[in-house]
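1. Build the 3D model from these lines:
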Amino acid sequence: MRLCDQLALDAHSVFLNTDEFAELISIEDVPETPAVCDWSTQPEGEHLYGDPGDTRGVNAVHAEITLAEGVIPLPEPGQELIVNDRAWIVRSANTQTGLLNLKLYRNVA
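-> I've put the predicted structure just below:
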C-alpha cells in the first residue's frame, strides 16, 4: 500500500471518526455526515468580523469544515451551502488525500 493510500484510510478512520475528532453535521442534502468543524476561525489572520471587500459586510462569522471528499460536489467560491440549516458562503474549497476542506462565512446582521 502506498503512503498516500494509507493517509486517506487514516483520514476516514481517525480524523473523521466521531469518537475522535469529528461531529455529525448536515450539509446540503446529506443529513448526517462526520466532519471536523471549527466554528470560530479567523481567515488568514483577518479581524473576526471579516473583510468588507470579501464578506459583504462587517458583521460576518467564519468557519472551517473538513469532511470526506465526494460527500458533496466540489463547491465554487461564492456559492451558498446549507450547513446545519444555516446558509454559508464558500470562501474556498480544496481537496487533499480524500478530504474536502471548506472555508465559509456568513453575515449575522
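2. Now do the lowest-mean-pLDDT helix or strand in the chain: distance to the chain's middle.
-> Between all helices and strands in the chain, the lowest mean by mean pLDDT, DSSP states H and E belongs to helix 3-10, at a mean of 75. Relative to the centre of its chain, helix 3-10 is centred 20 Å away, using C-alpha atoms, centre = their mean, to the nearest Å.
3. which element follows it toward the C-terminus?
-> strand 23-27 (DSSP states H and E).
4. Please put the alpha-carbon coordinates of that following strand into PDB.
-> The C-alpha trace of strand 23-27 is given here as PDB (Å, rounded to 0.1, in the frame of the first residue of the first chain):
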ATOM      1  CA  GLU A  23     -19.000  15.700  14.800                       C
ATOM      2  CA  LEU A  24     -22.100  14.900  12.700                       C
ATOM      3  CA  ILE A  25     -23.400  17.800  10.600                       C
ATOM      4  CA  SER A  26     -26.000  18.200   7.900                       C
ATOM      5  CA  ILE A  27     -24.700  19.700   4.700                       C
END
